[in-house]
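Participant: Predicted model and sequence below, questions to follow.
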Amino acid sequence: MTHVSDLILKVENIQCGYDGVPVIHGISLDVAQGEIVAIVGANGAGKTTTMRTIVGLMHPYRGKVIFAGKDITLMEAHDTIKLGISYVPEGRRLFSKLTIRENLELGAFIKNDRKGIDESLERVFELFPKLYDRRTQVAETMSGGEQQMVAIARGLMSDPKLLLLDELSLGLMPSLVEKVMEAVVAINRSGVTVLIVEQMVQEALEIAHRGYVIQTGQIVQQGTAQELLDSPEVRKAYMGL
């Protein structure tokens, strides 16, 4: 059971959509400090819309988003990042002609001191030594898995308290998905709380503490990651078991 005092994120009954057409219908969830929480479900279930609403890229018709005790429901994304939320969108979205280092530094745009940026780079390179070795390489010359690591690392450059990761596995070979998930665990161990959205249900739940299953814009199941992995409904619907 999550204690209210430990909560870093509380989403209360949000409804949101595009051009007046609702996509999510009353979603509530919470994330405690230090957790990895997974939102899993099929493509088109409303997972990305939920993430975009949390981070301030969209605003809900109703409901509330509370981060670290502060109501951020109507706050814009450039302000939520200053509070300590970082969002890594699906599809990586790197600046393909820039080097790895340049891409990473763009993730620290809220910092205006060179020392702070260098300290963040150092922390990120400790987590991803391979990126340090390739820091002068142009992003478009990297493999999909390597680009995904750069996207995650860029999301860490603002020193977030909460990292939102959207569909990390998209377009990756299974062996690379495992590497990316291992990186998420390492990030969490370094002290960052993680909310991950993923259609590869088993892979996400294997690294998460708790999870929510979303279907047609509603939460249909929730529990510890193990409870969801053991659930006959989840196994049948998402794992083909």
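Facilitator: Arrived safely.
Participant: which residues of the protein score low on pLDDT?
Facilitator: Within the chain, the ranges that satisfy pLDDT under 70 run 1-5, 92, 241.
Participant: let's go with 50 and repeat that
Facilitator: Within the chain, the ranges that satisfy pLDDT under 50 run 1-4.
Participant: ranges for the strands of it?
Facilitator: 7-18, 21-32, 36-40, 62-67, 70-71, 85-88, 162-166, 193-198, 210-215, 218-224 (DSSP state E).
Participant: Output the longest helix belonging to the chain.
Facilitator: The helix that spans the most residues within the chain, counting by DSSP state H, is helix 174-189.
Participant: now it: how far from the chain's centre is it?
Facilitator: Relative to the chain's own centre, helix 174-189 is displaced by 13 Å; criterion: C-alpha atoms, centre = their mean, to the nearest Å.
Participant: For it, which residues meet the burial criterion?
Facilitator: Taking 16 or more other C-beta atoms under 10 Å as the neighbour-count basis, helix 174-189 is seen to contain the buried residues Leu176, Val177, Glu178, Val180, Met181, Ala183, Val184, Ile187, Asn188. (C-beta placed from N, C-alpha, C; glycine too.)
Participant: go on, stretch 43-59?
Facilitator: For stretch 43-59, the neighbour count (16+ other C-beta under 10 Å) marks 45-56, 58 as buried.
Participant: go on, stretch 62-71?
Facilitator: Neighbour-count burial for stretch 62-71, with 16+ other C-beta under 10 Å as criterion, is recorded at Gly63, Val65, Ile66, Phe67.
Participant: ok, the second one - contacts?
Facilitator: Residues in contact with Val65, defined by C-beta atoms under 8 Å, 6 or more residues apart in numbering, are Leu9, Lys10, Val11, Glu12, Ile14, Thr53, Ile54, Asp71, Ile72, Thr73.
Participant: Go again with 6 Å.
Facilitator: Val11, Ile54, Ile72, Thr73 (C-beta atoms under 6 Å, 6 or more residues apart in numbering).
Participant: ok, Val124 touching Ala153?
Facilitator: Yes: counting by C-beta atoms under 6 Å, Ala153 is a contact partner of Val124 at 4.6 Å.
Participant: Name the nearest residue to Leu164, sequence neighbours excluded.
Facilitator: With C-beta to C-beta, 6 or more residues apart in numbering as the criterion, Leu164 has its nearest non-adjacent residue at 4.5 Å, and that residue is Tyr87.
Participant: What of Leu176?
Facilitator: Leu176 sits nearest to Gly145 (C-beta to C-beta, 6+ apart), 3.5 Å away.
Participant: Against Val201, how distant is the one you found?
Facilitator: Counting by C-beta to C-beta, to the nearest Å, the gap from Gly145 to Val201 is 20 Å.
Participant: So for the two, which sits in the more crowded spot?
Facilitator: For Gly145 against Val201, the residue with the higher neighbour count under other C-beta atoms under 10 Å is Val201, and the figures read 21 against 17.
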